[in-house]
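**Student:** what follows is a predicted structure for the sequence shown.
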Amino acid sequence: MQKEILIAGFGGQGVLFAGQVLAYAAMDTGHEVTWIPSYGPEMRGGTANCTVVIADEEIGSPLVQYPPAVVALNLPSFDKYEALVQPGGVLVVNQSMVDRKAQRDDITVLYIPGNEMAEACGNRRLLNMVMTGALLAAFPVMSLDEAKTALKAHLPAKHQKLIPNNFAAMDKGYETAKEQLGRNQ
């Protein structure tokens, strides 16, 4: 088994951290993993993306050209990566920042109102955890509980007080994605 995930958005949306949570969860459950961040010099406000590769065996290359799963947190990322999702793959879209529908009908597309859901969970910075939960509902490379365990285990002590809000955001994204998937069948 080898699964590739690409997460993309603006710097400051938690793109890299969302990838780290997935990478830590995979590592903690005994999988091979690579996490490759990429961001512009602006960092906050510039473009950022990361790729996570999770496998049962040694990973030959951390580079991903056509990922089976993409999380697009903003319109430029949606525009750039929609065409690259493998046929049959999953595209999880932050509907709060994307004002159009996907052009493809050979992939599963989920439209998650991530910004509003994050704010409802207590902080707009929870967007990345809302979208991580949604991704795991559509692309179950690990369980939601495994991701939560990794988040709790690897979050610095000074941020542990934020765990309940992060878990709520992950749950909300997961539940919303499951509802959409149920309607699409």
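**Tutor:** Now that the structure is in, tell me what you want to look at.
**Student:** switch to C-alpha atoms for all contacts and neighbour counts from now on
**Tutor:** OK.
**Student:** could you say which helix or strand contains the most centrally placed residue in the chain?
**Tutor:** With distances taken as C-alpha atoms, centre = their mean, the residue of the chain nearest its centroid is Thr132 (4.0 Å). Using DSSP states H and E, Thr132 sits in helix 127-138.
**Student:** follow-up on the earlier one: which residues sit in contact with the residue nearest to the centre of the chain?
**Tutor:** The contact partners of Thr132, by C-alpha atoms under 8 Å, 6 or more residues apart in numbering, come to 18, 170, 173-174.
**Student:** likewise Glu32?
**Tutor:** Counted by C-alpha under 8 Å, 6+ apart, Glu32 has contacts 26, 54-59.
**Student:** ok, and the closest non-adjacent residue to Ser38?
**Tutor:** Nearest residue to Ser38, sequence neighbours excluded (C-alpha to C-alpha, 6 or more residues apart in numbering): Asn49, at 5.3 Å.
**Student:** ditto for Ser143
**Tutor:** Leu136 (7.0 Å).
**Student:** how close does the residue nearest to the centre of the chain get to Gly60?
**Tutor:** 25 Å (C-alpha to C-alpha, to the nearest Å).
**Student:** show me where the chain has strands.
**Tutor:** 2-10, 32-39, 47-55, 69-72, 90-94, 108-112 (DSSP state E).
**Student:** any chance of CSV for those, columns mean pLDDT?
**Tutor:** Below are the strands of the chain laid out as CSV (pLDDT from 0 to 100):
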stretch, mean pLDDT
strand 2-10, 95
strand 32-39, 91
strand 47-55, 92
strand 69-72, 97
strand 90-94, 97
strand 108-112, 97
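**Student:** may I see those strands arranged in JSON lines, with distance to Ser143 as well?
**Tutor:** Shown next, in JSON lines, are the strands of the chain (distance: least, C-alpha to C-alpha, whole Å):
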{"stretch": "strand 2-10", "distance to Ser143": "14"}
{"stretch": "strand 32-39", "distance to Ser143": "16"}
{"stretch": "strand 47-55", "distance to Ser143": "13"}
{"stretch": "strand 69-72", "distance to Ser143": "16"}
{"stretch": "strand 90-94", "distance to Ser143": "17"}
{"stretch": "strand 108-112", "distance to Ser143": "18"}
